[in-house]
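**Student:** sequence and predicted structure below; questions after.
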Amino acid sequence: MHRRTFLAASAATGATTILPVNALAQSSTNPLLAPWTGPFGGVPAFDKVRVADFKPALEAAMAEELREVEAIANNPAPATFENTIAALERSGRVGNRVQTYYGIWNATLSTPELRAIQKEMDPKLQAHADRIVQNEKLFRRIEQVYEHRDHLNLTPEQKRLVWLRWNGFVRAGAKLSPEAKARVAAINEELAGHYTTFNQNLLHDENERDLFLKETDLAGLPADVRAAMGAAAAEKKRAGEFVIVNTRSSVDPFLTYSARRDLREKVWRTFYSRGDNGDAWDNNAGIRKILELRAERGKLLGFPTHAHWRLQNNSMANTPEAAMALMMRVWPSAIARVKEEVAEMQAIADREGAKIKIEPWDYRYYAEKVRAARYDLDMNEVKPYMQLEKLREGMFWAAGEIYGFTFHPVTTVPVQHPDVRVWEVKRGGQHVGLWYFDPYARTGKRSGAWMNAYRTQETFDGKITTIVSNNSNFVKGAPGEAVLISWDDAETMFHEFGHALHGLASAVNYPSLSGTRVFRDYVEFPSQVNEYWLSTPEVLNRFALHHKTGKPIPKALVDKIAKARTFRQGFDVTEYLASALIDMKLHLAGDADIDPDAFEREELARLGMPAELPMRHRTPQFQHVFASDGYSAGYYSYLWSETLSLDAVEAFNEGKGPYDKAVAKRLYDTILSKGNSVDPVQQYRAFRGRDPDVKAYLRDKGFPTT
């Protein structure tokens with residue numbers, strides 16, 4: 001969800017192809033290199049993308065950026081903010097455009113031809129990044145500006161940018177010896193190859209391990225789930241059958257409602273063994289090597305472990321110890337709640353004469369029975385009101401009420417796939433950006449839900465507005481049928497839309513400070529706040545409409561949802577925290593030789609992990625952590641950010657409620673619009689008047705606060 005730029009990448013080097021000086025001119029016929037044209041300050045030319053153009057475009061863009069950087073580094077004039085820091089902000093524009101296309105195609109339109117290009121080019125892209133951050137002349141100029149920053153009459157935003165540039169180069173090894181730099185570069189290049197392999201192995205297991213069923217196998221499944229499975233099978237040329245695609249949005253409904261315990265187990269084992277099947281697509285050996293290389297790099301950079309390197313001067317927590325302390329503050333309450341939840345489920349299974357012990361493939365199924373028994377709430381009653389398109393309208397409406405955004409359909413710009421739609425976003429009648437929506441699963445699209453920025457907002461050389469996207473993997477329904485989603489999926493939609501709003505609200509000068517380009521354990525905060533508005537009566541009464549009758553969700557049902565707010569929190573918090581704890585423990589293990597499967601199993605046992613549920617992301621499929629450095633030693637960030645978000649929600653509740661205009665304005669002015677132009681700690685204090693209080697999180701989950 002960050003600005004795509006070669007220079008912002010933190011990894012790799014080695015030999016990079018350097019094209020002749022006129023390479024960009026020679027490549028002018030390549031549409032991926034061309035400036036974006038058309039309305040709204042230019043838009044991506046998705047209709048002109050050809051996979052064959054990616055490699056030459058990436059090579060030409062790297063060469064262009066190297067020429068720009070060399071010009072800055074070799075400038076004979078003394079280093080100033082304008083000729084060094086601002087000049088770097090102007091560099092890499094061609095690469096940003098190419099990387100936007102490349103990232104979209106890799107994530108949503110992958111093919112064997114593209115994956116071959118990825119394997120070749122990703123290490124070269126990482127090598128290119130290190131070639132820049134290890135440029136000694138360039139770093140000396142950055143350091144000169146940094147050392148004199150208090151005497152250059154800089155604005156607070158400019159000082160922040162200087163520090164971030166300097167800190168980024170130092171963290172990447174700019175101060176190391178030539179020998180150490182070379183080794184860090186070699187490690188980064190090797191890691192880039194492992195990340196690509198990890199991604200491609202996981203994509204294989206998600207695309208190639210579908211389970212096709214017959215109608216007699218569908219006992220217990222609601223009509224909408226059956227219809228979606230049938231439509232997905234027809235799309236795969238298996239008309240008359242039903243398919244469970246090996247992604248969470250397809251698997252979770254089956255595990256929740258299927259009365260066939262044997263099939264629940266089969267589906268569960270297939271999903272949670274992705275990347276862990278002992279075959280050509282097994283990820284364990286790659287993970288072992290990734291951990292070894294990260295540990296070595298951390299030591300070379302002067303840190304005891306990879307986790308210490310990742311967090312210092314790069315997060316609100318700042319140390320792994322602070323992150324672990326927060327996680328272990330919550331963990332005992334979470335697993336204690338799981339024991340209570342399992343006991344209730346086991347009691348129901350025993351009364352029904354099931355003669356089973358609750359296993360992970362039973363948890364969701366029996367949890368729904370507990371929900372019905374305790375709260376008289378059947379989520380099957382809720383789902384007919386959860387129409388994808390109506391909820392999208394609800395997101396728009398809430399963003400308008402809270403922040404003043406309006407959304408206007410656009411049909412005159414090219415899109416990368418027929419499923420993608422576009423809206424112009426305005427605030428106060430003024431254009432602020434475009435929002436692209438790609439909601440459906442398909443072959444070649446990675447699983448999950450995410451936000452991307454195709455272009456970030458900036459003003460320092462003229463006004464440039466942002467282009468953002470939200471991407472999901474909902475199962476497309478039959479033609480003419482409303483796509484119904486679960487309550488959990490609806491929360492995820494609002495969450496990812498919160499990232500998009502963070503990007504759309506950005507009002508800074510420099511692109512490196514724009515939108516969601518903030519600390520990893522802060523970036524999830526605005527998105528988690530946005531989940532809050534889904535459950536408000538104002539949204540539900542207007543947009544939770546029955547897909548057949550059009551009638552709003554009954555108040556009695558809304559009241560039941562509110563009453564059951566803390567239901568199954570033991571499961572939800574424990575499956576997440578288990579992944580976060582294993583991530584941190586893997587990266588605090590230093591240079592230990594780690595067998596990922598054994599480490600996961602043994603450390604979970606030490607933590608007292610309940611046997612009735614898995615980690616949300618088992619190690620061999622943990623994309624957040626092993627598909628890039630992204631969330632490595634940083635998956636705790638969701639807990640850290642949720643602590644902020646729930647404390648922020650209490651600010652609304654202390655005021656006039658969810659749509660308190662004054663609180664919303666303060667949130668917008670002090671946080672959403674600031675990007676990374678102000679230290680996140682100071683942003684939050686400006687909004688709340690104090691540091692966050694973890695008790696808000698514990699209260700929300702129904703856990704003890706003492």
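**Tutor:** Sure thing, it's come through.
**Student:** tell me the contacts of residue 81?
**Tutor:** 145, 152, 154, 158, 162 (C-beta atoms under 8 Å, 6 or more residues apart in numbering). All C-beta spots, glycine's among them, are computed from the backbone N, C-alpha and C.
**Student:** ok, the most centrally placed residue in the chain to residue 182 distance?
**Tutor:** Compute the mean C-alpha point of the chain, and by C-alpha atoms, centre = their mean the closest residue is residue 450, 4.8 Å away. For residue 450, the distance to residue 182 equals 34 Å [C-beta to C-beta, to the nearest Å].
**Student:** for residue 149, give me its contacts.
**Tutor:** Counting by C-beta under 8 Å, 6+ apart, residue 149 touches 159, 162-163.
**Student:** for residue 473, what are its contacts?
**Tutor:** 247-249, 440-441, 445, 447-449.
**Student:** helix, strand, or coil at the nearest residue in space to residue 558 that is not next to it in sequence?
**Tutor:** Using C-beta to C-beta, 6 or more residues apart in numbering and skipping residues adjacent in sequence, the residue nearest residue 558 is residue 540, 5.4 Å away. Using DSSP: H, G, I helix; E, B strand; the rest coil, the structure places residue 540 in helix.
**Student:** quick check: the residue nearest to the centre of the chain touching residue 496?
**Tutor:** Yes. The criterion here is C-beta atoms under 8 Å, and residue 450 meets it with residue 496 at 6.5 Å.
**Student:** quick check: neighbours shared by these two?
**Tutor:** The contact sets of residue 450 and residue 496 overlap at 470-471 (C-beta under 8 Å, 6+ apart).
**Student:** which of the residues in stretch 422-433 are buried?
**Tutor:** 422-427, 432-433 (16 or more other C-beta atoms under 10 Å).
**Student:** out of those, who's nearest residue 321?
**Tutor:** residue 433 (39.2 Å; C-beta to C-beta).
**Student:** what values do phi and psi take at that closest one?
**Tutor:** Main-chain dihedrals, residue 433, degrees, to the nearest 10: phi 170, psi -180.
**Student:** could you do residue 43 as well?
**Tutor:** Residue 43 adopts backbone torsions of phi -130, psi 160, taken as degrees, to the nearest 10.
**Student:** which residue packs closest to it, ignoring adjacent ones?
**Tutor:** Residue 43 sits nearest to residue 413 (C-beta to C-beta, 6+ apart), 4.6 Å away.
**Student:** neighbours of the closest residue to residue 594 other than its chain neighbours, how many?
**Tutor:** Excluding its sequence neighbours, the residue lying closest to residue 594 (C-beta to C-beta, 6+ apart) is residue 291, at 5.3 Å. Neighbourhood size, residue 291 [other C-beta atoms under 10 Å]: 25.
**Student:** try the one 5 residues further on
**Tutor:** Residue 296 is flanked by 16 other residues according to other C-beta under 10 Å.
**Student:** just residue 219 next, same as before
**Tutor:** 11.
**Student:** so who does it touch?
**Tutor:** By C-beta under 8 Å, 6+ apart, the contact list for residue 219 reads 258-260.
**Student:** could you dump those residues to JSON lines with distance to residue 174, neighbour count and secondary structure?
**Tutor:** Formatted as JSON lines, those follow (distance: C-beta to C-beta, whole Å; neighbours: other C-beta atoms under 10 Å; DSSP: H, G, I helix; E, B strand; the rest coil):
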{"residue": "258", "distance to residue 174": "55", "neighbour count": "23", "secondary structure": "coil"}
{"residue": "259", "distance to residue 174": "60", "neighbour count": "11", "secondary structure": "coil"}
{"residue": "260", "distance to residue 174": "58", "neighbour count": "18", "secondary structure": "coil"}
